[in-house]
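structure here, sequence nowhere to be found:
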């Protein structure tokens, strides 16, 4: 591969950050879908303005559709301060409001998905809420990849 080909290849790589409050549910689900749908050479990161660990129900509901996020970790946004992002997607209003300034030219996107972790009820009712939010995030990420990647 020539240096020119390496330069072209580097330009095509995209860095995407999915940001949520605790990096436990919505951002983890979006991370899983983006990694599944984005073209090769796309780097997907997820973080929170806090870290709460990856929610076991998020892992479970993604496994139901064949996407494994069990190896994901809950990361704080400060861990990625040196990454040049092309796109930053906030998936909750709290993260959008608390998102620190990133000195970059990243294009910012926002969609406030309901927080399935805050739902109370039977285990089946809670899982059904996780599934509903998962479906919303799946539709959003498919559209995002189609439009911007």
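Yep, it's here. Please read all numbers here as calculations on a predicted model, not as lab measurements.

next, count neighbours for the spatially closest residue to residue 85 that is not a sequence neighbour.
Using Cβ to Cβ, 6 or more residues apart in numbering and skipping residues adjacent in sequence, the residue nearest residue 85 is residue 106, 4.1 Å away. (Each C-beta comes from the backbone N, C-alpha and C, glycine too.) By other Cβ atoms under 10 Å, 17 other residues sit near residue 106.

show me where this structure has its helices.
Shown for the chain, the helices assigned by DSSP state H span residues 3-12, 26-37, 56-63, 93-98, 123-148.

I'd like those written out as TSV, with mean pLDDT added.
Below are the helices of the chain laid out as TSV (pLDDT from 0 to 100):
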stretch	mean pLDDT
helix 3-12	46
helix 26-37	98
helix 56-63	98
helix 93-98	64
helix 123-148	97
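
of all those helices, which one is nearest residue 79?
Evaluated over the helices of the chain, closeness to residue 79 peaks at helix 26-37, with 13.3 Å, by Cβ to Cβ.

report the angle between the closest one and helix 123-148.
Inter-element angle recorded for helix 26-37 and helix 123-148: 50 degrees (by axes from the mean of the first three to the mean of the last three Cα atoms, to 10 degrees).

by contact count, what packs against helix 26-37?
strand 14-20, strand 42-48, helix 56-63, helix 123-148 (3 or more Cβ pairs under 8 Å, 6 or more residues apart in numbering; DSSP states H and E).

relative to residue 61, how far out is the residue nearest to residue 69 when sequence neighbours are not counted?
Among residues not flanking residue 69 along the chain, residue 32 sits closest, at 4.4 Å (Cβ to Cβ, 6+ apart). Distance from residue 32 to residue 61, counting by Cβ to Cβ, to the nearest Å: 10 Å.
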